[in-house]
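Student: Below: sequence and its predicted model.
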Amino acid sequence: MDTKSEGFKDLKNISVPLAYVKGEPYLTAPKDLYLPPDALEVVLESFEGPLDLLLYLIKSQNFDILELPVAKITDQYIQYIELMQELKLELAAEYMLMAATLAEIKSKFLLPQKNEGSDEEDDPRAELIRRLQEYERFKKASVRLDDLKRVDRDFYLPSKVTYSKIKTEEKKEAVDLEKLVIIFHELMEQTKILKPHDIKKDYLSVREKMTLILNSINKENFVDFKTLLDLNEGKYGLIVSFLAILELIKLSLIDCAQAKQFSTIYVKLK
Amino acid sequence: MKETKCKKIIESLIFSSPNPISLKQIRDFFSNEDLSELSLQNIINEIQISYENSGVQLVKVSSGYRFQVSEDCNEWVSNFYPEKPQKYSRALMETLALIIYRQPITRTEIEAVRGVGVSSNIIKTLLEREWIKILGYKDAPGKPAIFGTTKEFLNSHNLVSLNQLPKLDDITEFSELEKRQLGLLDNEQLDSEQISADMVDSDEYNNENIH
Amino acid sequence: MKETKCKKIIESLIFSSPNPISLKQIRDFFSNEDLSELSLQNIINEIQISYENSGVQLVKVSSGYRFQVSEDCNEWVSNFYPEKPQKYSRALMETLALIIYRQPITRTEIEAVRGVGVSSNIIKTLLEREWIKILGYKDAPGKPAIFGTTKEFLNSHNLVSLNQLPKLDDITEFSELEKRQLGLLDNEQLDSEQISADMVDSDEYNNENIH
């Protein structure tokens, strides 16, 4: 029996020899399952979970649940789990569960059967096999799915061809200006910041001017303050522009600089 | 309207649309033009023929008609773009397979079959890709989302219907040796047929009838 | 490679590219094929001719060649994508009103007046509509964006200047009536000027002093 595996030696320590429950107890070598710790990382990357690993072990490694000592499989799973705690914590519980399931199957198997025709529904092996088979179906399906021709991998689509938009009913989408004003008024009411009665008619022009000025300057370059004033706007317009600039300075939205008294005043976006 | 003009317009509509266009959409659009279903189909056929030797083809997918790069040009187009197409993980493909063949399905149900948690990233990727969508929420603790596939999934795979997908394999019988290994064929000598039958019965998510 | 094959491939490249493709890009791509500049230009011309009567045209723009919808189909395509007449929410109208009358204004300032957070969607909608734009960033913690209205807002409302909007003092007078209706000026018989004065004091957002 020189070819007997480590597993076999371990089996000797178990009180119920496998030979009794199975005709050929030593055919497969459990040491196939014994993966060196540095191979575990590879294993974890190549398996999608305990079912996948188990399928692999059954199909390729001749892993035999029956021949594997509970102690050994438990050891192995604990090894996985330890490694997984370093790599992918969330997987540990699922592998742990599988270890427990395997241990349960093994222990049930080792115990003498009470009833000859025990209830198959309760057989944990049947449930495990059902799950393995079900998983295998989808595993195969997923491979075929990946083989399907897929857009941007196996075939390509033309990009959307551009067209020039011809605007037809733009006005429809405008907001109701009257309503807008009423809404603003209501807002002011709510917040008790109603205007005093002596509000000037040009209320909006300074605000609008502030926006226009902000639009016309940038962060990078100072511009001559005078360029922001349009003489064509008349005295009234100039005052509005001036007030707008003062207000922007007050709100520290723009920077103002002057080399010396009466020299050119420069402004830029802050 | 002349049929040639109509053809030009339909061509431009399909080319400029980000999504495939259905015959119904076209017919609705031309509702003032008295475009019969037959002449519309004729126009579509004509467009298809006129593009036969060109770099793009007019094809029909799940949600309608679209142009596609011609078969023999795909490789060239692919080489024109240096970046490699995204490769999806096995975990993602398995999740997708479950959603396809078992929809409507919740995340917990997917996890039950795969025996491992489904990462939120996978669901997110599939939702962003618009291959799956949330169909609703299950009336169960935590109101889990129920997932199903979309027309976009079909479009992305040149499919008109899920029926064109390969059928889910019948449950694989493990070989005698495998069964023995699993401890199925020992003292008890479980009848494998009995097991298979049980499996089908207990499978409440079985949707094979979609095929 | 045959010229017909080459033509097909170039067609598919231009169609599949999201951006215009330059002759140089094509020549570089076909560097193994010994494609002369002249024959490439010939192929391009051929493609242009073969699309002459179709719904899309091959045109040259600054960065290269691209397909675009034929001139006489633009209107049809535009009509195919109708912009739904949007119904604007109260929150959007309030935000817009504040930006109009209080510009330049930051989101925080809008929120302070409305007493409730402004959803990013509203700002996004207004920016996309091109009714407002970011004028700059305030020199304050978090560098908040400063919003103002655009010419596009005026255009889409047939205005030349914001001054054409109903004046606020008109409304103020209207509100006197409203207040009376609401019973504000009944029992207490508050002097309306007194109210205004109180308000100015308590109004931390008040900017009237600029007038």
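Tutor: Looks like it arrived, so ask away. Residues are numbered from 1 along each chain as shown, chains lettered A, B, ... in the order given.

Student: Which secondary structure element is home to the closest residue to A:Leu229 other than its chain neighbours?
Tutor: Closest residue in space to A:Leu229, ignoring its immediate chain neighbours: A:Ser241 at 5.0 Å, by Cβ to Cβ, 6 or more residues apart in numbering or on different chains. C-beta coordinates here come from the backbone N, C-alpha and C atoms, glycine included. Using DSSP states H and E, A:Ser241 sits in helix A:234-250.

Student: Show the contacting residues for the spatially most central residue of chain B.
Tutor: What sits nearest the mean C-alpha location of chain B, by Cα atoms, centre = their mean, is B:Leu154, with 3.6 Å. For B:Leu154, the contact set (Cβ atoms under 8 Å, 6 or more residues apart in numbering or on different chains) comprises B:Val61, B:Ser62, B:Ser63, B:Val160, B:Ser161, B:Leu162.

Student: ok, which stretches of chain B are strands?
Tutor: B:56-61, B:64-69, B:105-106, B:132-137, B:145-149 (DSSP state E).

Student: Nearest to B:Ser31 among the ones you listed would be which one?
Tutor: Across the strands of chain B, B:Ser31 has its closest neighbour in strand B:64-69 (17.2 Å, Cβ to Cβ).

Student: Between strand C:56-61 and that closest one, find me the angle.
Tutor: Relative orientation of strand B:64-69 and strand C:56-61, computed by axes from the mean of the first three to the mean of the last three Cα atoms, to 10 degrees: 50 degrees.

Student: Now strand B:64-69: buried residues?
Tutor: Within strand B:64-69, the residues that qualify as buried are B:Gly64, B:Tyr65, B:Arg66, B:Phe67, B:Gln68, B:Val69, counting by 16 or more other Cβ atoms under 10 Å in any protein chain shown.

Student: Next: stretch B:143-163.
Tutor: Of the residues in stretch B:143-163, those buried (16+ other Cβ under 10 Å) are B:144-159, B:162.

Student: which residues of chain A fall in strands?
Tutor: A:223-224, A:254-258, A:265-269.

Student: To chain C, which of those lies closest?
Tutor: Nearest to chain C among the strands of chain A is strand A:265-269; the distance by Cβ to the nearest Cβ comes to 5.3 Å.

Student: Packing partners of the closest one?
Tutor: Counting by 3 or more Cβ pairs under 8 Å, 6 or more residues apart in numbering or on different chains; DSSP states H and E, the packing neighbours recorded for strand A:265-269 are strand A:223-224, strand A:254-258.

Student: Tell me how far A:Ile217 lies from C:Ala145.
Tutor: As judged by Cβ to Cβ, to the nearest Å, A:Ile217 and C:Ala145 stand 16 Å apart.

Student: brain fart, B:Leu38
Tutor: 56 Å.

Student: before we move on, what about B:Phe153?
Tutor: Taking Cβ to Cβ, one finds B:Phe153 at 39 Å from C:Ala145.

Student: And for A:Ser216?
Tutor: Distance, A:Ser216 to C:Ala145, using Cβ to Cβ: 18 Å.

Student: and chain B, what are its domains?
Tutor: For chain B, automatic domain parsing gives the domain ranges B:3-80, B:90-209.

Student: Let me have those in JSON lines, extended by mean pLDDT and distance to A:Asp224.
Tutor: What follows is the domains of chain B, written out as JSON lines (pLDDT from 0 to 100; distance: least, Cβ to Cβ, whole Å):
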{"stretch": "domain B:3-80", "mean pLDDT": "92", "distance to A:Asp224": "47"}
{"stretch": "domain B:90-209", "mean pLDDT": "77", "distance to A:Asp224": "51"}
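
Student: now those as JSON lines including distance to A:Arg130?
Tutor: As requested, the domains of chain B are exported to JSON lines (distance: least, Cβ to Cβ, whole Å):
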{"stretch": "domain B:3-80", "distance to A:Arg130": "34"}
{"stretch": "domain B:90-209", "distance to A:Arg130": "5"}
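
Student: Same list (the strands of chain B) but as a markdown table, adding distance to B:Ala91.
Tutor: Shown next, in a markdown table, are the strands of chain B (distance: least, Cβ to Cβ, whole Å):
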| stretch | distance to B:Ala91 |
| --- | --- |
| strand B:56-61 | 27 |
| strand B:64-69 | 30 |
| strand B:105-106 | 16 |
| strand B:132-137 | 14 |
| strand B:145-149 | 15 |
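
Student: Which stretch among those approaches C:Tyr51 most closely?
Tutor: strand B:56-61 (11.2 Å).

Student: CA atoms only for the helix ranked longest in chain A, dumped as PDB, please.
Tutor: Counting by DSSP state H, the longest helix found in chain A is helix A:124-147. The C-alpha coordinates for helix A:124-147 follow below in PDB (Å, rounded to 0.1, in the frame of the first residue of the first chain):
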ATOM      1  CA  PRO A 124     -27.800  16.500   2.600                       C
ATOM      2  CA  ARG A 125     -25.900  14.900  -0.300                       C
ATOM      3  CA  ALA A 126     -29.000  15.100  -2.500                       C
ATOM      4  CA  GLU A 127     -29.400  18.700  -1.800                       C
ATOM      5  CA  LEU A 128     -25.700  19.400  -2.500                       C
ATOM      6  CA  ILE A 129     -25.800  17.500  -5.700                       C
ATOM      7  CA  ARG A 130     -29.000  19.400  -6.800                       C
ATOM      8  CA  ARG A 131     -27.200  22.700  -6.100                       C
ATOM      9  CA  LEU A 132     -24.100  21.600  -7.900                       C
ATOM     10  CA  GLN A 133     -26.100  20.500 -11.000                       C
ATOM     11  CA  GLU A 134     -28.100  23.600 -11.000                       C
ATOM     12  CA  TYR A 135     -25.000  25.800 -10.700                       C
ATOM     13  CA  GLU A 136     -23.300  23.900 -13.500                       C
ATOM     14  CA  ARG A 137     -26.200  24.600 -15.900                       C
ATOM     15  CA  PHE A 138     -25.800  28.300 -15.400                       C
ATOM     16  CA  LYS A 139     -22.000  28.100 -15.500                       C
ATOM     17  CA  LYS A 140     -22.300  26.500 -18.900                       C
ATOM     18  CA  ALA A 141     -25.000  29.000 -20.000                       C
ATOM     19  CA  SER A 142     -22.700  31.900 -19.000                       C
ATOM     20  CA  VAL A 143     -19.900  30.600 -21.200                       C
ATOM     21  CA  ARG A 144     -22.200  30.300 -24.200                       C
ATOM     22  CA  LEU A 145     -23.600  33.800 -23.400                       C
ATOM     23  CA  ASP A 146     -20.100  35.200 -23.500                       C
ATOM     24  CA  ASP A 147     -19.600  33.600 -26.900                       C
END
